[in-house]
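**Student:** Need coordinates for the following:
(one chain, ligands or ions: 1)
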Amino acid sequence: MEARHKIDFLINDSRLDPELRRIAEKVVAGERITFDEGVLLYEKGELSYLGVLANYIREKRHGDITYFNRNFHIEPTNVCVYDCKFCSYSRMIKQREEGWEMDVDAMIDIVKKYDDEPVTEVHITGGVVPKQNLEFYADFFRKCKAHRPELHIKALTPVEYYYIFKKAKLSHFDGMKYLKEAGLDSMPGGGAEIFHPEIREQIAHDKCTAEQWLDIHEQAHLLGMNTNATMLYGHIEKFWHRVDHMERLRQLQDKTGGFQTFIPLKFRNKENQMSDVDEVSVIEDLRNYAVARIYMDNFPHIKAYWAMISRDTAQMSLSFGVDDIDGTLDDTTKIYSMAGAEEQTPAMSTQQLVELIKNVGRHPIERDTLYHVVTDYKDHVFDDESAKKKNYYALPVLNS
Ligand code: SF4
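**Tutor:** Numbers count the residues shown, from 1 in each chain. Purely as a prediction, here's the structure:
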């Protein structure tokens with residue numbers, strides 16, 4: 001059944017709650033839903049209802065297209081001056097012996113490992129340490145661009161930048177401008193967690209505030225850079241905190257238009273200070289992707305990190321609003337595995353990623369960081385693929 005027919009069927013179902021029907025009608029009309037309606041979706045929206053709405057928006061925007069990219073990560077350090085309660089990754093300064101701190105040469109050596117690989121992006125993030133300051137990163141960005149000018153540098157978050165710019169006594173705008181001139185191309189979405197102080201104070205009390213996070217993104221947008229945004233969900237926050245978080249992002253996006261992608265991140269409870277907090281179910285993951293797709297009407301893309309939520313859930317998410325499942329990774333990140341993600345050595349070949357997408361009837365496109373098409377894999381046949389049995393399967397909720 002077409003996405004439009006499914007939503008019409010839903011609207012005409014007399015058993016549907018009138019408030020939910022009104023939201024479905026707004027979605028069809030392309031109207032923005034309100035804060036209260038966002039909360040209502042979380043409180044009353046069943047998985048199948050949310051899936052129909054989110055999939056309608058996803059297919060209206062992108063059809064069956066599902067994006068991925070070929071990238072690798074550099075994590076310059078896992079030592080951190082901050083103490084986020086949910087963090088399974090960082091080692092405090094006093095636990096230095098369990099941590100690593102790279103110098104610029106070590107980071108360039110990692111870049112050189114990919115000299116013969118068709119990667120388009122290096123994604124850099126990690127902890128916050130005094131030595132990795134403004135000049136450290138400016139030096140790395142310059143050397144990286146000198147070595148491989150076309151490699152897109154997507155680096156650090158406002159958590160690092162706020163610390164670095166404060167130490168360097170630079171405004172957010174001047175700091176971002178300096179690093180842009182050194183070679184920085186864009187910013188990933190991390191460090192956002194949950195913006196509302198009621199929750200932020202409890203889980204990330206000592207790092208940048210919501211206002212500082214948003215301001216650094218705003219300055220990057222003013223400088224012509226694109227950025228992403230995340231939300232850490234499924235811990236001690238209430239539904240309305242999630243909507244508050246998305247509302248702040250939606251407002252900034254109305255102002256600047258500089259965000260590309262919204263990435264909900266699932267809280268994992270392995271070996272951190274919140275290990276007593278249960279993780280939410282896969283059903284809640286899918287509901288959350290769907291509400292994000294419905295609420296974030298001015299964000300072009302919704303991304304699921306396959307390495308964080310498992311390959312199966314990533315496949316299902318493609319029917320709940322997600323149109324991007326991140327990159328090949330090549331086992332270059334420890335952030336997900338140390339937090340207890342299903343993928344302990346996250347790496348997929350391009351062929352595996354393409355098959356994962358095709359197996360749920362979607363259309364794989366390799367993109368660069370700015371969503372330019374690198375390769376369209378719709379009709380691409382890999383050398384050893386032609387002999388294989390086609391194993392398309394229908395998703396239970398939406399593809400029947
Ligand atoms: S989440 Fe980031 S800022 Fe917080 S402790 Fe971990 S590495 Fe440091």
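**Student:** And the residue nearest the centre of the protein?
**Tutor:** Geometric centre of the chain, nearest residue: Ile263, 3.0 Å, by C-alpha atoms, centre = their mean.
**Student:** State the distance from that residue to the ligand.
**Tutor:** Taking C-beta to the nearest ligand atom, to the nearest Å as the measure, Ile263 falls 15 Å from the ligand. Where you see a C-beta, it was placed from the backbone N, CA and C, and this is true even at glycine.
**Student:** Which strands border the helix or strand where His73 lies, and is each parallel or antiparallel?
**Tutor:** Applying DSSP states H and E as the criterion places His73 in strand 71-74. According to DSSP bridges, strand 71-74 has the following sheet partners: strand 121-124 (parallel).
**Student:** residues making contact with the helix or strand just after the partner strand?
**Tutor:** Moving toward the C-terminus from strand 121-124, the next helix or strand (DSSP H and E) is helix 134-147. In this structure, residues lying in contact with helix 134-147 by C-beta atoms under 8 Å, 6 or more residues apart in numbering are 104, 107-108, 111-112, 122, 151, 153, 155-156, 164-165, 167-168, 170, 175, 178-179, 182-184.
**Student:** of the residues you listed, buried ones?
**Tutor:** Buried members of these, counted by 16 or more other C-beta atoms under 10 Å: 104, 107-108, 111, 122, 151, 153, 155-156, 164-165, 170, 175, 178-179, 182-184.
**Student:** And the strands in this protein?
**Tutor:** Ranges of strands in the chain, per DSSP state E, are 65-69, 71-74, 79-80, 91-92, 121-124, 152-155, 227-233, 259-266, 301-302, 324-327, 363-367, 373-376.
**Student:** so where's the chain shaky on pLDDT?
**Tutor:** Along the chain, the parts satisfying pLDDT under 70 run over 1, 91-96, 329-346, 384-400.
**Student:** rerun at 50
**Tutor:** Where the chain drops to pLDDT under 50, the residues are 331, 386-400.
**Student:** need the residues of it near the ligand, please.
**Tutor:** Residues of the chain lying close to the ligand by C-beta under 6 Å from any ligand atom are 80, 82-84, 87, 89-90, 127-128, 159, 207.
**Student:** could you redo the last one with a cut-off of 5 Å?
**Tutor:** Neighbours of the ligand within the chain, by C-beta under 5 Å from any ligand atom: 80, 82, 84, 87, 90, 127, 159.
**Student:** Restricted to helices, list these.
**Tutor:** If you go by DSSP state H, those have Val159 in helices.
**Student:** Reformat the residues of the chain next to the ligand as JSON lines; add neighbour count and distance to Met348.
**Tutor:** Formatted as JSON lines, the residues of the chain next to the ligand follow (neighbours: other C-beta atoms under 10 Å; distance: C-beta to C-beta, whole Å):
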{"residue": "Cys80", "neighbour count": "23", "distance to Met348": "28"}
{"residue": "Tyr82", "neighbour count": "17", "distance to Met348": "31"}
{"residue": "Cys84", "neighbour count": "22", "distance to Met348": "28"}
{"residue": "Cys87", "neighbour count": "22", "distance to Met348": "25"}
{"residue": "Ser90", "neighbour count": "24", "distance to Met348": "26"}
{"residue": "Gly127", "neighbour count": "24", "distance to Met348": "26"}
{"residue": "Val159", "neighbour count": "24", "distance to Met348": "28"}
